[in-house]
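Novice: Sequence and predicted structure below; questions after.
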Amino acid sequence: MAHDNPNHNTNLKRRDALKLLATAAVAIPAISMAGNAAAVMAKTKGAELIYRPTDPDMLKPIVPWSMTLTEAELSDLELLANIIIPADAQSPSAGSLGAQHFINEWVSAPYPQQKADLVLVRGGLVWLNGEAKKRFGKAFAQLNTDQQRQICDDICFEPKAAANLKHGARFFAKVRDLTATAFYTTEPGMADIGYIGNKPTATFAGPSDEVLRKLKLKS
Amino acid sequence: MSGPSGQQEYDVIVVGSGAGGGMSALILSIAGLKVLMLEAGRHYDPVTETPMFNLPKDAPLRGASTPDKPFGFYDATVDGGWQVPGEPYTQASREPQQRFDWWRARMLGGRTNHWGRISLRNGEYDFKPYSRDGLGLDWPINYADLAPYYDKTEMLIGVYGETGHGLENTPDSPEGILQPAPKPRAYELLAKKSCDELKIPVIPAHLAILSQRQDHTRLPAKLFPHSALGQKVVAASMQSRAACFWATPCGRGCSIKANFQSTTVLIPPALATGNLTIITDAMVREVTLNSAGKADGVIYIDKNSRQEVKVKGRAVVVAASAAETARIFLNSRSPLFPDGIANSSGLVGKYLMDTVGAGVSGQIPALENLPPMNEDGSSGMHLYQPWWLYKQQKAGKMNFARGYHIEMSGGRGMPGAGAFGGLQNFTEGAYGAEFKQACRRYYGTFVHFAGRGEMIPNENSYAELDPTVVDQWGIPVLKFHWQWSEHEINQAAHMHKTFADIITGMGGKVTSSIETDGRNAIASGGSIIHEVGGTIMGADRKKSVLNQHCQAWDVPNLFVTDGAPFASNADKNPTLTILALAWRTSDYIVEQFKQRNI
């Protein structure tokens, strides 16, 4: 079932409107073999709408699959997203921008990579709460910030993680990568790192003298 | 697009609408010939369909690559990629090194809608490689034969670049043809400094992108001095194109027509002549032959009705993409040509080539913490490195015979799916405030160098019909055979070492593996999407399928104008040569009509 928050930054309203369509699309085994494009033809009853993932309307994109994660999982992912990319003076946190909904969209997709990530993320969340209970007797969300950090510090870098925590580190790395994609593709995320393109200009200015001097390409 | 008009006989049927088909249709229709173009995909209009400024966040998975859209959601590829729904192909071997992966697009304009726009001329050596080093095959033409068509093609489509460098086998365009090259980006200048030390030349790249509007008052008369119709339609086309506004990726296509796509630059003026009819969703199966042994039309499957349709033409031009062209030839069987039309040499499908590809990534500390700057530019390269070790190869000092050029990328591009993925390796797993700081620091500091090298045609790289598999249109499919030679494999290893040296010279750290065994460096066959060969041209009808006019030796009114005639695949990206050669072939076809040979 979808757990669509109409306030977050993806196009969920449109997605709701197309739920019937989406259900039909997912009902057909779209991607049965790795690397094979699918000829998905999903038609709404009585309507002429056709969605083919190999020829989508790029000006009006939709997400033609339904969402998999539960409210509890989304809540834990929002917490993790805020731990990975917290708010600071320059930009808001990843969770406040809906990173958890992007992760849901990602792991719900009918493609081999995303299907594997679904197992990694879901399994990782169960493991995380189990680890929290083992160490502190409470679910991860109920821990205080220091306790949460203790666990995250142990799984934030796989090469240095203990042997029995390697899979936890793989899970954390996946959530961090997905959170970064979610955050840095939003306008606040792009502004945070100083991306200032995607604007029409009459000429291409090239690097400034200041930049050229910093690079020792100009004295 | 208009439908088939009964039993009308066209002067020329053009199969395909990409670089070769588009150019052929334009030149033939300007000459007054009645042309029918058949495209296997759907109608496609970049002006109304291109997602120009759309953000990754509006796309599924933030625009990430999927099996449905391998180059990302916004890539201008319809019903295509490494697989086309319902249109399989097969591999002769299960060995990864012997695969050929075939990128197709099913849309008007074909792969010209998303291509890289890199437009380099073949040089003198590139037409006579066998004469120079005894390997591969010579073309039956030389650089001088094609040079006037390179000039005209560059003026017609608009190519930015710079002339006057005088580098070996890297032809300069004559003055007044190229558009001004854009200024280099910061990382490109830093790479140039490193390359200067290594004695690797770095010059402005040539890309089919308008850096300024075309001169519609001067160019049409230079291109079509004897055709008022040609001048009129091309002038109107040039007037409809805007200059690049230095934003949005060319791979999505261009709604303002600033870059070259067949659908914005060739097909509109061809239609404006009133001499071109286009049928889309028309999957051509075979060229038909009359009792006199001449081509008299083609049979296609109408994808909407799933019925086969025969159309008649006095001449047939096949430009379906190199391997698809070979497939059509092989499927065109008759008592006269039981092994496929124009295949008395047995060479249809043979000498299939791609480009050698290998790449290395790096991180450049000097680029850290720079002030924000807009580095979108043309979305492609502003500078590149042409091959530079001709003399060492000639002297026998290298363990591979042919060259490569370098394509570099990097800079402060728009973050998309995968942004900052794997940054943990630079920060030992930072998260929280530390991660945010790291993203600010590392943004725009990554560079990538990709080699694009010449593959020598060989006996073990070819396509044939698979006797057991047909596609959903009932057409027998291709089975690919593939084998790299030591020349390609050693070249790929050389690329890795060179790129590591460049990155180190920039004060950077190599972030990908450096392979000394080229087998581990080389991209698999087909993956660079420079598929050429398959109906090669030559001077000897026993050793080639086409003559010097890209005319079938066996069937005088059958021509090929895509990459299939290429007898070698220089490191230079093939599209510009496909366009120039298609123009030359089309001029010859017009001449044959005038002389009543067709």
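Specialist: Received, thanks.
Novice: make it CA atoms for all contacts and neighbour counts henceforth
Specialist: Noted.
Novice: Now the longest strand along chain B: buried residues?
Specialist: Ranked by residue count under DSSP state E, the longest strand found in chain B is strand B:307-318. Residues of strand B:307-318 classed as buried by neighbour count (16 or more other CA atoms under 10 Å in any protein chain shown): B:310-318.
Novice: ditto for stretch B:506-522
Specialist: B:506-511, B:514-515, B:518-522.
Novice: And the strands in chain A, which stretches?
Specialist: Using DSSP E, strands in chain A cover A:42-43, A:50-51.
Novice: Near chain A, which residues of the stretch 301-450 of chain B? Just list them.
Specialist: B:366-367, B:370-377, B:412-422, B:424, B:428-433, B:435-436, B:439-440, B:443 (CA under 8 Å from any CA of the partner chain).
Novice: how close does the residue nearest in space to the middle of chain A sit to chain B?
Specialist: The residue lying closest to the centre of chain A (CA atoms, centre = their mean) is A:I103, at 3.2 Å. In this view, A:I103 and chain B are 9 Å apart by CA to the nearest CA, to the nearest Å.
Novice: ok, that residue to A:T68 distance?
Specialist: Separation of A:I103 from A:T68 (CA to CA, to the nearest Å): 10 Å.
Novice: returning to what we had before: out of the strands of chain A, name the one with the poorest average pLDDT.
Specialist: Lowest mean pLDDT within the strands of chain A: strand A:42-43, at a mean of 35.
Novice: Could you double-check that A:S108 sits in contact with A:P64?
Specialist: No. Using CA atoms under 8 Å as the test, A:S108 is too far from A:P64 to be in contact (10.4 Å).
Novice: which one of those two has more residues nearby?
Specialist: A:P64 (25 against 19; other CA atoms under 10 Å in any protein chain shown).
Novice: Dihedrals phi and psi, the more buried one?
Specialist: Dihedral angles of A:P64 (phi, psi; degrees, to the nearest 10) stand at phi -90, psi 20.
Novice: residues touching the nearest residue to B:T217 once chain neighbours are set aside, list them.
Specialist: The shortest distance from B:T217 to any non-neighbouring residue, by CA to CA, 6 or more residues apart in numbering or on different chains, is to B:A235 (7.1 Å). Neighbour list for B:A235: B:216-217, B:219-220 [criterion: CA atoms under 8 Å, 6 or more residues apart in numbering or on different chains].
Novice: Next, B:A235: secondary structure please.
Specialist: When classified by DSSP: H, G, I helix; E, B strand; the rest coil, B:A235 comes out as helix.
Novice: Against chain A, how distant is the closest residue to B:P96 other than its chain neighbours?
Specialist: Residue nearest to B:P96 in three dimensions, not counting chain neighbours: B:S524, with 7.3 Å by CA to CA, 6+ apart. To chain A, B:S524 is 15 Å away according to CA to the nearest CA.
Novice: Just to check, B:S524 is in contact with B:R99?
Specialist: Yes. In this structure B:S524 lies within contact range of B:R99 using CA under 8 Å: 6.6 Å.
Novice: what number of residues lie near residue 112?
Specialist: Assuming you mean chain A. 16.
Novice: You answered for a different chain; I wanted chain B.
Specialist: 27.
Novice: and it, what is it in contact with?
Specialist: Per CA under 8 Å, 6+ apart, neighbours of B:T112: B:18-19, B:260-262.
Novice: With neighbour count, secondary structure and distance to B:Q179 as added columns, please give these in CSV.
Specialist: What follows is the contacts of B:T112, written out as CSV (neighbours: other CA atoms under 10 Å in any protein chain shown; DSSP: H, G, I helix; E, B strand; the rest coil; distance: CA to CA, whole Å):
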residue, neighbour count, secondary structure, distance to B:Q179
B:G18, 30, coil, 23
B:A19, 31, helix, 20
B:F260, 28, coil, 13
B:Q261, 28, coil, 17
B:S262, 24, helix, 19
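Novice: now the strands for the stretch 1-150 of chain B?
Specialist: Shown for the stretch 1-150 of chain B, the strands assigned by DSSP state E, counting those that start in this stretch span residues B:9-15, B:35-38, B:90-91.
Novice: So which elements touch the last one?
Specialist: Spelled out, it's strand B:90-91. Counting contacts by 3 or more CA pairs under 8 Å, 6 or more residues apart in numbering or on different chains; DSSP states H and E, strand B:90-91 is packed against strand B:476-481.
Novice: give me every residue that touches residue 193.
Specialist: If you meant another chain, say so; for now it's chain A. B:439-440, B:443.
Novice: nope, chain B please
Specialist: Contacts of B:K193 by CA under 8 Å, 6+ apart are B:M506.
Novice: Give me the phi and psi for it.
Specialist: Residue torsions, per degrees, to the nearest 10, at B:K193 are phi -60, psi -40.
Novice: longest helix in chain A, by residue count?
Specialist: As assigned by DSSP state H, the longest helix anywhere in chain A is helix A:112-136.
Novice: does chain B sit close to it?
Specialist: No. Helix A:112-136 stays clear of chain B (CA under 8 Å from any CA), getting no nearer than 8.6 Å.
Novice: ok, and what's touching that helix?
Specialist: A:31, A:34, A:73, A:76, A:106-109, A:138-140, A:143, A:147, A:151, A:167-168, A:170-172, A:174-175.
Novice: what do you get for stretch B:140-153?
Specialist: B:121-124, B:127-128, B:173-174, B:177, B:223, B:537-539, B:547-548, B:576-577, B:579-581, B:583-584.
Novice: Try it again at 7 Å.
Specialist: B:123-124, B:127, B:173, B:177, B:223, B:537-539, B:548, B:579-581, B:583-584 (CA atoms under 7 Å, 6 or more residues apart in numbering or on different chains).
Novice: Just the buried subset of these, please.
Specialist: For the contacts of stretch B:140-153, a neighbour count by 16+ other CA under 10 Å gives the buried set as B:123-124, B:127, B:173, B:177, B:223, B:537-538, B:548, B:579-581, B:583-584.
Novice: I figured B:H481 hits B:E464, correct?
Specialist: No. B:H481 is beyond contact range of B:E464, at 8.2 Å (criterion: CA atoms under 7 Å).
Novice: Check the contact lists of those two and give me the overlap.
Specialist: By CA under 7 Å, 6+ apart, no residue touches both B:H481 and B:E464.
Novice: Contact partners for B:K183?
Specialist: A:204, A:206, B:382.
Novice: typed the wrong thing, it's B:V159
Specialist: Here B:V159 is in contact with B:178-179, B:206-210 (CA under 7 Å, 6+ apart).
Novice: Tell me the pLDDT of it.
Specialist: The predicted local confidence for B:V159 is 98.
Novice: gap between the closest residue to it other than its chain neighbours and B:M408?
Specialist: Nearest residue to B:V159 in three dimensions, chain neighbours excluded: B:A208, at 4.1 Å (CA to CA, 6+ apart). Separation of B:A208 from B:M408 (CA to CA): 17 Å.
Novice: Closest to chain A out of the contacts of B:V159?
Specialist: The closest of the contacts of B:V159 to chain A turns out to be B:L210 (CA to the nearest CA; 11.7 Å).
Novice: any idea which helix or strand carries the closest residue to B:M52 other than its chain neighbours?
Specialist: Closest residue to B:M52 apart from its sequence neighbours, by CA to CA, 6+ apart: B:T248 at 5.8 Å. Using DSSP states H and E, B:T248 is not contained in any helix or strand.
Novice: B:T248 and A:L212: what is the separation?
Specialist: 25 Å.
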